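*Asks:* Dropping a prediction and its sequence here:
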Amino acid sequence: MLWGMSEENMKAPTLAQQMAERLDLKEEWVLPYGRDKAKVCIEALRGRERKGKLILVSALTPTPAGEGKTTVSIGLAQGLQKIGKKACLALREPSMGPVFGRKGGATGGGKSSIVPGDSINLSFNGDFPAITAANNLLAAVVDNALFYHTTRLAPNKVVWKRVIDMNDRALRNIVVGLNKNGVPREEGFNITPASEIMACLCLAEDRADLRRRIDNIVVGFTEEDEAVYAREFGVTDAMLAILRDAINPNLVQSSEGVPAFVHGGPFANIAHGCNSVIATRMALSCSEYTVTEAGFAFDLGAEKFLDIKCRQSGLAPDGIVLVATIRALKMHGGVDKNMLNVPDAETVRRGLPNLQAHIESAQLYGRPVTVAINLFADQDTPEEIQAVQSFCEQLGVACEVADVFGRGGDGATGLARAVVRSVETSAPEPFKPLYSLDVPVEERMRCIACKIYGADDVVLTAAARKKLALLEKNGLTDLPVCMAKTQNSLTDNAALRGRPKGFCITVRDFEIANGAGFLVALCGDIMRMPALPRVPAATLLRVDDDGTISGMKG
């Protein structure tokens, strides 16, 4: 008998069997990975049309611990199910960097979770290891070609980095090629969610599109500054072989049985921050309402969801939910992080301009906005909650308390009804991204910085201007811009809370993600390889002799 499975559970239908019936999927399309998780073949999308509404969940600028955006997304889907709507979730997979770092797991919490949480948090169904391996195969082949002098690539102009799904500051800057007859050069690792392979997989429509994207990856430049592409190294098929199963979305369910397509996991502060297009389309074909999320606050994940993912895929949300917490508003009102649980309605009011900034940004895209107050029942006071509700009422924005951690779907029925009401009573115009690709790169960045962040302007360093000129020379700038900046502030300075004024965004460098289809602008001191905190979450984990995991920070 399998560990942890009773004889009764062993005889029960597998998740794959249950979900195939509930989602109107052929059983052969749903591939069991054990009894409680599965993958769904991308072939299941053939002939299936979108029939559901898409709800995008974002947030205000978070505290370092996060504001429970995933928990609210799960709770909202469960609330929709409670009020009689057929709901699905389309969520990102967790990276083991945050799982073992500062934030912990990313499967929701309390009565609004996706299960099995341990499996999802730890290299779920092998997707992240496959993406890591495909990325590093290309890196190994590039260095091999340099060794044998079989490439036009200049050794000092390689831009393709290795990746690992772990926070490890020691790998940010390394030297490779120190072996006998090697080609020494400075290198560095990114974290796997920052890999362009991750972005390619998450934005691909199918295997043919993934092939095209991998072929178009820029790995570096020649001595004459001409771009060198991944297709020149002849391993696209080998990379596709590694990713053969990873391209299929994963299927699990929430603690109340809402189907959840969990697939892909690019970070929103250094990549585009959304789950896969394939998984989103699959969820939309199976439900009346699909709830999805974009990482961090609206200025990062949601902006990229709308200006990169939606622009490329043709998808568009029907409604937007912004998650707010009393503790985050206190932080933006000037309270020290150690005092966030002390009742203080006046400080909450002082922090509301941060929420207002994100509301105004969301409204730029012409979709109805609903604010969800993620309730911390043992901390939040009625006066503090009323301060937020009154503020939203003045702005003409719906606002509902979501007690999703403590009550699950029952705590989100009010939010669910508000979202349905906003979607069913609005008549949105055809979706339009924030900026046009016809304007120069600097103007695209200025549009994001001024309209979304509230900046006065964008400033490019000399190094950034040099890199931009190189990319323009190679015709690599006709792309949307992925602004990589801190998640802790509307600015590129993590220390500035609230809604700062009178600042500029500094772009220090560019990276090209030509296969994924966007240009990355590195702002401030943002890095694509995070570090562990003084006390990593990994130190809290315990594994019993029977294999039971406990202490995973969620």
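*Replies:* That came in fine, so what should we check first?
*Asks:* what's the distance between the residue nearest the centre of the chain and Val176?
*Replies:* The centre of the chain sits closest to Gly273, judged by CA atoms, centre = their mean, with a distance of 2.7 Å. As defined by CB to CB, to the nearest Å, Gly273 lies at a distance of 29 Å from Val176. C-beta: built from backbone N, CA, C; applies to glycine.
*Asks:* And Ile217, by the same measure?
*Replies:* Note on Ile217: its distance to Val176, by CB to CB, is 19 Å.
*Asks:* Compare these two (neighbour count), which wins?
*Replies:* A direct count of neighbours by other CB atoms under 10 Å for Ile217 and Val176 places Ile217 higher, at 26 against 17.
*Asks:* now what about the biggest strand by length in the chain, what contacts it?
*Replies:* In the chain, taking DSSP state E as the definition, the longest strand is strand 504-513. Strand 504-513 is contacted from outside by 159, 196, 199, 217-218, 445, 449, 453, 455-461, 463-464, 467-468, 471, 476, 482-483, 485, 491-492, 519-524, 528, using CB atoms under 8 Å, 6 or more residues apart in numbering.
*Asks:* I'd like the next helix or strand past it.
*Replies:* Counting by DSSP states H and E, the next helix or strand C-terminal to strand 504-513 is strand 518-523.
*Asks:* which residues are in contact with that following strand?
*Replies:* So strand 518-523 is contacted by 199, 270-272, 308, 441, 445, 464, 471, 476-477, 479-486, 492, 505-513 (CB under 8 Å, 6+ apart).
*Asks:* Please apply the same query to stretch 536-553.
*Replies:* Outside of stretch 536-553, the residues within contact range by CB under 8 Å, 6+ apart are 3-4, 98-105, 117-118, 121, 167, 532.
*Asks:* Now do that stretch, average pLDDT.
*Replies:* Across stretch 536-553, pLDDT averages out at 88.
*Asks:* tell me how far the ends of that stretch are from each other?
*Replies:* Start-to-end span of stretch 536-553 (CA to CA, to the nearest Å) is 10 Å.
*Asks:* Give me the buried positions along stretch 405-416.
*Replies:* For stretch 405-416, a neighbour-count test (16 or more other CB atoms under 10 Å) marks 405-409, 411-416 as buried.
*Asks:* for the record, mean pLDDT for that stretch?
*Replies:* In this model, stretch 405-416 carries a mean pLDDT of 98.
*Asks:* which sections of the stretch 1-150 of the chain are below the confidence cut-off?
*Replies:* Low-confidence segments of the stretch 1-150 of the chain (pLDDT under 70): 1-12.
*Asks:* From Met96, how far off is Asn248?
*Replies:* 21 Å.
*Asks:* remind me which residues of the stretch 451-554 of the chain are low pLDDT?
*Replies:* For the stretch 451-554 of the chain (pLDDT under 70), the answer is 554.
*Asks:* What of the stretch 201-350 of the chain?
*Replies:* Looking at the stretch 201-350 of the chain by pLDDT under 70, you get an empty list.
*Asks:* All the helices of it, in order from the start?
*Replies:* Assigned by DSSP state H, counting those that start in this stretch, the stretch 201-350 of the chain shows helices spanning 207-215, 236-242, 277-286, 303-304, 310-313, 326-332, 345-363.
*Asks:* Show the buried residues in the contacts of strand 504-513.
*Replies:* Using 16+ other CB under 10 Å, the buried members of the contacts of strand 504-513 are 196, 199, 217-218, 445, 449, 453, 455, 458-460, 464, 467-468, 471, 476, 482-483, 485, 491-492, 519-524, 528.
*Asks:* mind listing which of those residues are in helices?
*Replies:* In helices, judged by DSSP state H, the following of these are found: 196, 199, 445, 464, 467-468, 471.
*Asks:* ok, which pair from those residues is furthest apart?
*Replies:* Ala199 and Ala464 (20.8 Å; CB to CB).
*Asks:* In CSV: the ones in helices among the buried ones among the contacts of strand 504-513, plus distance to Val323.
*Replies:* As requested, these are exported to CSV (distance: CB to CB, whole Å):
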residue, distance to Val323
Glu196, 29
Ala199, 24
Met445, 27
Ala464, 33
Lys467, 35
Leu468, 35
Leu471, 36
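*Asks:* I'd like to know which of these is nearest to Gln389.
*Replies:* Proximity of those to Gln389 (CB to CB) peaks at Met445, which lies at 35.6 Å.
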